[in-house]
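Undergrad: what's the 3D shape of this:
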Amino acid sequence: MSYKFTKWLILIVPTLVVGVWEVVRHQFLMPYVSMELGNVLTPILLFAVSITLLYRWFAYLERMQEELQRERALKARLEQREQLARELHDGIAQSLFLLSVKVDRAERQQQTEGVASDWNELRKTIHEVNRYVREAISDLRIPPNTKEGDTEEASMLAIVRRIASEQQLTLRLDWQLEETDWPAKAKMELLSCLREAVINAAKHANVQDIGISASGDARDFVVKIADRGCGFAQEDASNPGRYGLRIMKERVNEMGWELIVADD
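TA: The predicted model follows:
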């Protein structure tokens, strides 16, 4: 039943009911129902119709109005996020790329002049910042509402597969996580941690494949990322240069989750 059709029913049905009642009353019920009693029964009949039919239709209209408002709010959030992603891409990401080009140019110029200088640390920092900015852009483009993102493309499962594909890793996946009822922020934070873990494995562990298992629901869940990489020393996990691990810990602490990093 459409919104427009429901409005017309609400307008027409009371009029029809009263009209039919008056015709029936005057044509067939006059010998049995007095004029005074008929006048009393008319508002009672109208009230009964309003309770049984119009109340449901009004409730239906209210639900439709609420859904429309939610859709408008979601659309506005999506537009704001997309605009912010574009600004990040057109501003910071491109500026970082230009800075990287200038660093390469300055290094070549110094080499030409015979001046020895180590630009690797600066270049590494630029690349790290650029990577985090691009991750932020990717996070902003993740649908923020799981309910409206029930399509396969917008599911967390599909996004995890896409993350592994972007890093050119073979994915061993056991995804039993219930994706309904996830708040937008929790979904974004979990996917950001997964992305960081996958990127770290591809970058530092020299792996060709990675395993991801997930189970539970929005209130109680376990996600495990495992690789057959070269390993790392436990003290490296707290190294100040480990930006990825530090950011992951900050994310899970903010959400009240627990992060365990282990070298089995």
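Undergrad: For stretch 40-60, the averaged confidence score.
TA: The pLDDT scores in stretch 40-60 average 79.
Undergrad: Any idea how far apart the tips of that stretch sit?
TA: End-to-end distance for stretch 40-60, by Cα to Cα, to the nearest Å: 30 Å.
Undergrad: Buried residues, that stretch. List them.
TA: Buried residues in stretch 40-60, counted by 16 or more other Cβ atoms under 10 Å: Leu45, Leu46, Val49, Ser50, Leu54, Trp57. C-beta: built from backbone N, CA, C; applies to glycine.
Undergrad: Can you list the neighbours in contact with stretch 31-50?
TA: Val13, Pro14, Val17, Val18, Trp21, Glu22, Arg25, Leu29 (Cβ atoms under 8 Å, 6 or more residues apart in numbering).
Undergrad: Just to check, the second one is in contact with Leu54?
TA: What it means is Pro14. Yes - with contact defined as Cβ atoms under 8 Å, Pro14 reaches Leu54; the gap is 7.1 Å.
Undergrad: which ones among the buried residues of stretch 40-60 are found in helices?
TA: The helices, defined by DSSP state H, take in Leu45, Leu46, Val49, Trp57 from these.
Undergrad: Redo those as TSV? Include distance to Arg108.
TA: Output for these, formatted as TSV (distance: Cβ to Cβ, whole Å):
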residue	distance to Arg108
Leu45	92
Leu46	88
Val49	85
Trp57	75
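Undergrad: ok, of these, which one's closest to Met64?
TA: When these are ranked by distance to Met64 (Cβ to Cβ), Trp57 comes first, at 10.5 Å.
Undergrad: so what's that closest one up against?
TA: Trp57 neighbours (Cβ under 8 Å, 6+ apart): Thr6, Leu9, Ile10.
Undergrad: And the pLDDT for the second one?
TA: The predicted local distance difference test score for Leu9 is 73.
Undergrad: That one and Glu71, how far apart?
TA: Distance, Leu9 to Glu71, by Cβ to Cβ, to the nearest Å: 23 Å.
Undergrad: Tell me which of these two has more neighbours.
TA: The residue with more neighbours, out of Leu9 and Glu71, is Leu9; 16 against 11, by other Cβ atoms under 10 Å.
Undergrad: Quick check: closest non-adjacent residue to that one.
TA: Nearest residue to Leu9, sequence neighbours excluded (Cβ to Cβ, 6 or more residues apart in numbering): Trp57, at 6.1 Å.
Undergrad: where do the strands sit along the stretch 51-200 of the chain?
TA: For the stretch 51-200 of the chain, the strands defined by DSSP state E, counting those that start in this stretch cover 170-177.
Undergrad: Next, Val33: secondary structure please.
TA: Assigned with DSSP: H, G, I helix; E, B strand; the rest coil, Val33 falls in the coil class.
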